[in-house]
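> this one's sequence-less:
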C-alpha cells in the first residue's frame, strides 16, 4: 500500500504572518479594484497629484499642466470621482475638485511618497 502524501491532507504552516486580519469580501474587492483601475493611467495619477497638492483646483486649471483638452480632463476627473478619489463642487460653469477627507491618507500614500523603493 503506497504511503499517502501528508502535504495534501494538512495545511502547511505559514512561513510568515498574515498581511490582513481577514480576506476581502466581494464588495470590498470590487471597490478596491475600481480604485486601482482609476490609478492605472499616468494622466489620472498626475491629475490626482495636482488636486492633492492644490487642496482644491478648478477643472479649467487642469488643462494646461496635463496638456490635455477639456473633454479629456473631464473624462479623467469623472473616473477619479467615480472611484471616490476626488470630489467635485460645481460652481457656475466649472467644477472645483478636491480630495475627500476620508481618502486623504490613501491619496497621500499614493502620490505623496513618489516611487516605491525596492
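Looks like it arrived, so ask away. As the structure is a computational prediction, the values presented were derived from the model and not from experiment.

> any stretches of the chain with poor pLDDT?
Under the criterion pLDDT under 70, the flagged ranges of the chain are 1-14, 17, 19, 113-118.

> contacts for stretch 70-90, please.
By Cβ atoms under 8 Å, 6 or more residues apart in numbering, the residues outside stretch 70-90 that reach it are 31, 34-35, 37-39, 41, 43-44, 47-48, 51, 56, 59-60, 62-63, 66, 68, 95-100, 102-103, 106-107. In this view, the C-beta of every residue, glycine as well, is placed from N, C-alpha and C.

> from the chain's centre, how far out does that stretch sit?
13 Å (Cα atoms, centre = their mean, to the nearest Å).

> tell me which element the nearest residue to residue 47 once chain neighbours are set aside is part of?
Once flanking residues are discounted, residue 47 sits nearest to residue 76: 5.4 Å by Cβ to Cβ, 6 or more residues apart in numbering. For residue 76, the element it lies in under DSSP states H and E is helix 70-82.

> pull out the buried residues from that helix.
73, 76, 77, 79, 80, 81 (16 or more other Cβ atoms under 10 Å).

> wait, what's in contact with residue 65?
For residue 65, the contacting residues are 46, 50, by Cβ under 8 Å, 6+ apart.

> in this protein, which spans are strands?
For the chain, the strands defined by DSSP state E cover 57-58, 87-91, 94-98.

> right, and these - which one's nearest residue 24?
Shortest distance between residue 24 and the strands of the chain, using Cβ to Cβ, is found for strand 87-91: 24.1 Å.

> who's in contact with stretch 33-52?
For stretch 33-52, the external contacting residues (Cβ under 8 Å, 6+ apart) are 57, 62, 65-66, 68, 72-73, 76-77, 79-80, 82-86, 97-99, 106-108, 110-112.

> next, count neighbours for the nearest residue to residue 111 once chain neighbours are set aside.
For residue 111, ignoring the flanking residues on the chain, the nearest one in space by Cβ to Cβ, 6+ apart is residue 49 at 4.1 Å. Applying the criterion other Cβ atoms under 10 Å, we find 16 residues in the vicinity of residue 49.
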